[in-house]
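Participant: Pasting the sequence and the predicted model now:
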Amino acid sequence: MHKAKAEAEAAAAKAAAEERARQAARAKAEAALKARREEAAQLLADDEASRQARQALQKACAPEAAAASRAQHTAKKKSLKTDLKKASGYAKKLKELVANQVASLQKDAETLNLFMYVSEVVAALHSPELLSRLRQADCSSVAQLCAAFHVR
């Protein structure tokens, strides 16, 4: 009788351990699924933000919008800075472009008179050094800068 009772207790303990293992595996799988869902939601949000940014760039580069922006830029051309050191420094920054610098580069492009440095700016954006080290994330940054220069 003691042997049967011990076997029953052992079987019950084994069943309880198996159930705990199944619950732990289920909890782990649910946590992994939740993490994947959150990652997918973040990717969808990033994709939507990227799509909206592309649409905004397309609208800004449309012929009518570009013409209006160019007229506005031409009107304020005399108030722009024409400092040689800043303009050459700007071209150097473009050659060493990093995605997190795009906002400051766009702001500088709005305040600097780069009319005499167009060839340097184009060469910087088209330089083999820049093109060879571009990552996919940086391509949108270069496109934003090119769009900003296009509407000027």
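Facilitator: It's in.
Participant: Packing partners of the helix or strand where residue 29 lies?
Facilitator: Under the criterion of DSSP states H and E, residue 29 resides in helix 2-60. Judged by 3 or more Cβ pairs under 8 Å, 6 or more residues apart in numbering; DSSP states H and E, helix 2-60 is in contact with helix 63-75, helix 136-150. Where you see a C-beta, it was placed from the backbone N, CA and C, and this is true even at glycine.
Participant: any idea which of those is most buried?
Facilitator: helix 136-150 (a mean of 15; mean count of other Cβ atoms under 10 Å).
Participant: Give the other helices and strands that that helix contacts.
Facilitator: Looks like helix 136-150 contacts helix 2-60, helix 102-111, helix 118-125 (3+ Cβ pairs under 8 Å, 6+ apart).
Participant: What mean pLDDT does the host helix or strand of residue 132 get?
Facilitator: Using DSSP H and E, residue 132 maps to helix 128-133. Helix 128-133 carries an average pLDDT of 77.
Participant: Could you list the buried residues of it?
Facilitator: Buried residues in helix 128-133, counted by 16 or more other Cβ atoms under 10 Å: residue 130.
Participant: Could you list every helix and strand that it packs against?
Facilitator: Helix 128-133 packs on helix 84-95, going by 3+ Cβ pairs under 8 Å, 6+ apart.
Participant: weakest of the helices and strands packed on helix 2-60 in terms of mean pLDDT?
Facilitator: helix 136-150 (a mean of 78).
Participant: now that one and helix 102-111, what's the angle there?
Facilitator: Angle of helix 136-150 versus helix 102-111, following axes from the mean of the first three to the mean of the last three Cα atoms, to 10 degrees, is 10 degrees.
Participant: number of nearby residues for residue 124?
Facilitator: 20 (other Cβ atoms under 10 Å).
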